[in-house]
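Trainee: Next input, structure requested:
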Amino acid sequence: MTMVPHKGWPLPARAPAQLPSGLPPGAPQAMSAGVQLVTTRSSTPQAVIHTPVAHTAGSIVALVESLRDEARMLDTLANIMRTQRDAVARDDIDSVDQSVFATHRLLVNLGEARKRRRQLNQLLGETEDLSVAAISDFFGGTVPAEVGEAADRLAAAGRTLQREVEVNRRVLRHAIESGDRYVRALAGAATGAAAGAPRAETGGALVDRRA
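Mentor: Sure, this is the predicted structure:
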């Protein structure tokens with residue numbers, strides 16, 4: 001037999017809803033009665049799915065400009081390395097100092113350019129450190145012509161700069177060794193002159209700029 005409550009009978013009181021702990025003050029009052037609170041969470045971790053970003057015309061243009069900017073800076077650095085070699089060969093200390101300062105300034109600018117490219121990589125849905133060699137994979141093997149050209153130019157500029165840096169290292173090492181011999185020759189000439197020996201013939205340090 002089913003009991004149907006009379007219209008005038010009071011309904012049984014319902015237990016108040018249990019709110020999750022840790023809510024900020026005033027949060028329970030701000031909650032609407034029609035909002036259902038979920039107090040339990042699944043313990044199973046959910047995989048994060050990265051949705052690839054479409055390669056829009058704007059993103060491609062931005063990537064191309066970023067690659068070209070870096071290539072121009074590397075070309076400038078290579079020219080500074082050549083200028084530095086010439087200055088060492090001429091014993092031009094002032095020009096050597098200027099080349100060092102110019103290198104430091106350009107390295108700062110190059111760091112900023114690479115930072116912008118890392119940010120662009122993130123906007124395109126890739127990791128920050130997307131290398132130039134990985135650009136082909138990023139575009140699924142079909143690289144836009146302008147992107148491929150800019151990436152190839154940057155890679156070539158990097159190889160050229162690496163060669164110039166290696167040459168400068170050899171040149172500077174040779175100049176230091178020649179300078180040591182020059183100092184020893186001067187010391188020997190001074191000792192010989194004091195003893196009445198003939199003066200040694202000395203001259204500037206010879207630097208092979210081709211190294």
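Trainee: Count the neighbours of residue 135 for me.
Mentor: 22 (other C-beta atoms under 10 Å). All C-beta spots, glycine's among them, are computed from the backbone N, C-alpha and C.
Trainee: what helix or strand does residue 173 sit in?
Mentor: Here residue 173, judged by DSSP states H and E, is contained in helix 145-194.
Trainee: ugh, typo on my part, it should be residue 71
Mentor: Element membership of residue 71, judged by DSSP H and E, is helix 57-89.
Trainee: elements contacting that helix?
Mentor: The contact analysis (3 or more C-beta pairs under 8 Å, 6 or more residues apart in numbering; DSSP states H and E) places helix 57-89 against helix 93-123, helix 145-194.
Trainee: what angle separates the last one from helix 93-123?
Mentor: Pointing back at helix 145-194 there. Taking axes from the mean of the first three to the mean of the last three C-alpha atoms, to 10 degrees, one finds helix 145-194 and helix 93-123 inclined to each other by 150 degrees.
Trainee: how much does helix 145-194 deviate in direction from helix 57-89?
Mentor: Using the same axes, to 10 degrees: helix 145-194 against helix 57-89 is 10 degrees.
Trainee: contacting residues for the nearest residue to residue 95 once chain neighbours are set aside?
Mentor: Once flanking residues are discounted, residue 95 sits nearest to residue 87: 3.6 Å by C-beta to C-beta, 6 or more residues apart in numbering. Each residue near residue 87 by C-beta atoms under 8 Å, 6 or more residues apart in numbering is listed here: 93, 95-96, 99.
Trainee: hmm, back to that, do me a favour and average the pLDDT over the helix holding residue 173.
Mentor: Helix 145-194 comes out with an average pLDDT of 78.
Trainee: just stretch 117-132 next, same as before
Mentor: 70.
Trainee: Can you add mean neighbour count and give the helices and strands packed on helix 57-89 back as CSV?
Mentor: Formatted as CSV, the helices and strands packed on helix 57-89 follow (neighbours: other C-beta atoms under 10 Å):
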stretch, mean neighbour count
helix 93-123, 14
helix 145-194, 15
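Trainee: just so I know, which of these lies nearest residue 62?
Mentor: helix 93-123 (5.7 Å; C-beta to C-beta).
Trainee: helices or strands up against that closest one?
Mentor: Here helix 93-123 touches helix 57-89, going by 3+ C-beta pairs under 8 Å, 6+ apart.
Trainee: and of the helices and strands packed on helix 57-89, who's closest to residue 59?
Mentor: Of all the helices and strands packed on helix 57-89, helix 93-123 comes closest under C-beta to C-beta, at 7.1 Å.
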